[in-house]
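Participant: sequence plus the predicted model coming up.
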Amino acid sequence: MEVLKAGKKKPSTKRTVHVSVRAPENVIKAINLLVDLGLFKDKSDFINYALQETVRKYLSSIKLEITPELIDKYFELLEKASPRLSEEEILKVLGDVLNERRTEKETQEGSG
């Protein structure tokens with residue numbers, strides 16, 4: 001059952017924010033029942049699961065017309081979320097990856 005998996009997963013290490021919502025009393029009672037049954041560790045766990053599933057459902061069904069403005073907005077948001085590395089930083093990362101691969105290859109050749 002999908003809900004069991006959601007209630008039993010490891011706590012997320014992702015940054016979270018506090019959100020207050022109003023919900024019908026009968027919905028909260030139903031959530032509390034699911035928590036009492038052990039399907040979720042608490043109301044927050046259920047609400048996080050429900051939000052993620054809802055977002056996944058709607059995002060997978062959205063069809064967008066790709067426009068230059070949309071692409072510009074995407075890269076603008078991407079830049080805010082993950083600033084670009086400088087050329088020097090990129091070269092350092094590439095060098096580290098190459099060195100790691102060389103070390104792995106040498107280790108494999110030495111044990112093989």
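Facilitator: Arrived safely. Numbering: from 1, shown residues only.
Participant: how far off centre is the lengthiest helix in the chain?
Facilitator: Longest helix of the chain, by residue count under DSSP state H: helix 87-111. Here the centre of helix 87-111 is set off from its chain's centre by 28 Å, with CA atoms, centre = their mean, to the nearest Å.
Participant: do the same with stretch 46-53
Facilitator: Remark: stretch 46-53 is offset 12 Å from the chain centroid, using CA atoms, centre = their mean.
Participant: got the domain boundaries for the chain?
Facilitator: Annotated domains of the chain cover 2-61, 68-111 [automatic domain parsing].
Participant: just to revisit the earlier point, buried ones in the longest helix of the chain, by neighbour count?
Facilitator: By neighbour count on 16 or more other CB atoms under 10 Å, the buried set for helix 87-111 is empty. In short, each C-beta sits where N, CA and C put it, glycine included.
Participant: quick one, strands of the chain?
Facilitator: Read by DSSP state E, the chain holds no strands at all.
Participant: export stretch 52-64 to PDB, keeping only CA atoms.
Facilitator: The C-alpha trace of stretch 52-64 is given here as PDB (Å, rounded to 0.1, in the frame of the first residue of the first chain):
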ATOM      1  CA  GLN A  52       3.900  15.900  -2.500                       C
ATOM      2  CA  GLU A  53       1.500  13.500  -4.200                       C
ATOM      3  CA  THR A  54      -0.800  16.400  -5.200                       C
ATOM      4  CA  VAL A  55       2.100  18.400  -6.700                       C
ATOM      5  CA  ARG A  56       3.400  15.400  -8.500                       C
ATOM      6  CA  LYS A  57       0.000  14.700 -10.000                       C
ATOM      7  CA  TYR A  58      -0.600  18.200 -11.200                       C
ATOM      8  CA  LEU A  59       2.900  18.900 -12.400                       C
ATOM      9  CA  SER A  60       2.900  15.700 -14.500                       C
ATOM     10  CA  SER A  61      -0.300  16.700 -16.200                       C
ATOM     11  CA  ILE A  62       0.700  20.300 -17.100                       C
ATOM     12  CA  LYS A  63       1.400  20.900 -20.700                       C
ATOM     13  CA  LEU A  64       3.300  24.100 -21.400                       C
END
